[in-house]
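S.K.: Test case, fold it:
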Amino acid sequence: MNETLTSPISGDNRDTRAQIPIAWALLLILVLTLLIALYWSARYGPNLTEGDSVRLTLAAERVAIEDRLMPTGAYNSGYGLPVLLTFVSEITGLSVETIQAGSSLWLAAFILIAFITYRELLGRTDSALITLILLLLQPDFIFYPVRSSHEKFTWAMALLLVFLLARSLRFTRNLGKLAIHVLLFYVVLWAMLTTNIFFTSTILTALTISLTSGLVLTMWFHRRAAASDPQSDRYFWQRLALISAAGAVLIFIFINNIYGPALSYYHGLDDLVERLSVLLLGAEETGAIQVDPYTYVRRAWQHQGLYFALTSFQWTIAGLIVVAWGVAARQLRSASRSAWLRWLLLSGYAAQMAFGILVDRLGFLSSNLQVRLFVPFVLFGTPLVVAWLRQVFERLQGKARTLARVALPIVALWAITTSLLKVTNDPLAANYWLFYHPQEAQALEWTESHLRYRQIWTDLSFRKEALLDSALGAQWYTTNRYRLRLMENPPPHILITDLTRLQANRWELALPSTVGKH
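M.R.: A predicted model of the protein is given here:
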């Protein structure tokens, strides 16, 4: 850790005033990471509710109650995280809810894993640190590692897989070290499978797309590897092919022979297109409420322009990813194995996201695939942006370099402020909320205590449904049926809270009439 970090704007390694010790730079990034995680936890405190997180919390409680990997109401996508939560709860004495409430701090571990992966892919420590900073300024990326769901572990293990794969390419002449990296790769892959089988399939699909596109390109370039070179093209493509084949076998074994709940979800889908989409795109069950992400933007934010203002930096990075992908494609003929790998991974996930948008528009599955697949697109696209921007910054001279030095801190301050508003769906900007009032939980508990076998209208969204599950716990079983969203003929019982009224006003929707209702 005696390296120094040179400002990417200066492009001058002799300017010692612009140099920061790498250890201090990494420490500052980790402090920023912890502040983001603490803000997420503190913004709504214990009154934060979010559907996926609640489902995993309940699954962990059921594992503890029944002492089984596959309890009643098991999490269909894998047992890894519920078992981990149960284990931590047992050894610490803390409740699963308490552990979940503090799980946003895992963002710091996620960033450390991202750091070693990017350093391996980019070959430069300073470039890896700059990539981390750009990641932390993109709200639709931050949301998934800070919330109490599986993504923080799923994508951290995906990064670790890429690190092990990229690093193993160094040791083709050292069979001992190569074997260790290959063994660790499949151990992490199995852990990822148990955490979320369907999202694990996305990285294997990306590798398969990478393999196919890479072979086509090498044929186009007429590349010929020397037979005596163990790091030849042939070896590289063989590794990708073996990983794709082995991963497909492991997925089949896990779904069909080990974890029954995953099979029940897969068989519950209506047709072949949905089943293929699950395996290729990593879709998950999201309950009965289907969300159209395109109309969601118009309804969930006070102004559509405000939404784009809050996410402007993120979309700028997304646009730069496309440009950097094109620049890197032109340099592939003479690129290193790491450069090939990062370009191919981005290509694989970009193809998946394009297909995900198509599936969303056709109305299959959860209708939010492009939102979920945006995370790996950013994870594996941002390093290409940094590699390209370094080339651009090194060519800056005079006033352009000075302007960049002044502008970047201002842009970063804007980006972090807007990201925090976006990632928490803050009521200052958003109309779709992730929090509840404690008296709402009391009202739902009262309803459960006094009503049986009734239909009850509760909210315009599934916020109260998640709240009801969270408040009453894993052992709760209701005889009532709770209805959501707008209804022409609402049921006889209606539960309206102040937050529901406020949200209806924001959405400019009329609440059900209470005339003649209970």
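S.K.: in a helix, that's where W155 is, yeah?
M.R.: Yes. Under DSSP: H, G, I helix; E, B strand; the rest coil, W155 sits within a helix.
S.K.: Run through the residues that contact it.
M.R.: Contacts for W155 (C-beta atoms under 8 Å, 6 or more residues apart in numbering) come out as F110, Y144, P145, V375, P376, L379. Bear in mind the C-beta positions are built from the backbone N, C-alpha and C, glycine included.
S.K.: For burial, what's the neighbour tally of the last one?
M.R.: Going back to what we said before, that points to L379. Using other C-beta atoms under 10 Å, L379 has 22 neighbouring residues.
S.K.: That one sits in which helix or strand?
M.R.: According to DSSP states H and E, L379 maps onto helix 369-394.
S.K.: Show me where this protein dips below the pLDDT cut-off.
M.R.: Along the chain, the parts satisfying pLDDT under 70 run over 1-20, 219-233, 264-296, 356-372, 396.
S.K.: residues of stretch 239-256 that come out buried?
M.R.: If you call a residue buried by 16 or more other C-beta atoms under 10 Å, then stretch 239-256 has these buried ones: R239, L240, I243, S244, G247, L250, I251, F254, I255.
S.K.: how about the fourth one, what does it touch?
M.R.: With contacts defined as C-beta under 8 Å, 6+ apart, the neighbours of S244 are L204, L207, T208, L211.
S.K.: How about the second one?
M.R.: L240 sits next to L207, S210, L211, G214 when contact means C-beta under 8 Å, 6+ apart.
S.K.: where along this protein do the strands fall?
M.R.: Applying DSSP state E to the chain gives strands spanning 4-6, 19-21, 455-459, 481-484, 493-494.
S.K.: Dump these into a markdown table; add distance to E151 as well.
M.R.: Output for the strands of the chain, formatted as a markdown table (distance: least, C-beta to C-beta, whole Å):
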| stretch | distance to E151 |
| --- | --- |
| strand 4-6 | 29 |
| strand 19-21 | 31 |
| strand 455-459 | 25 |
| strand 481-484 | 25 |
| strand 493-494 | 35 |
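S.K.: hey, which of the ones you listed is tucked in deepest?
M.R.: With neighbours taken as mean count of other C-beta atoms under 10 Å, the strands of the chain reach their highest mean count in strand 455-459, at a mean of 21.
S.K.: hey, C-alpha coordinates of it in CSV?
M.R.: Output of strand 455-459 as CSV, limited to C-alpha atoms (Å, rounded to 0.1, in the frame of the first residue of the first chain):
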residue,chain,number,x,y,z
GLN,A,455,-62.1,-8.8,2.4
ILE,A,456,-60.4,-5.5,3.4
TRP,A,457,-59.1,-2.8,1.1
THR,A,458,-55.9,-1.4,2.5
ASP,A,459,-53.8,0.7,0.0
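S.K.: what are the pairing partners of it, and which direction each?
M.R.: Under the criterion DSSP bridges, strand 455-459 sits next to strand 481-484 (parallel), strand 493-494 (parallel) in its sheet.
S.K.: chain center to the helix holding L379: distance?
M.R.: Put simply, helix 369-394 sits 14 Å off its chain's centre (C-alpha atoms, centre = their mean, to the nearest Å).
S.K.: How about stretch 55-66?
M.R.: 22 Å.
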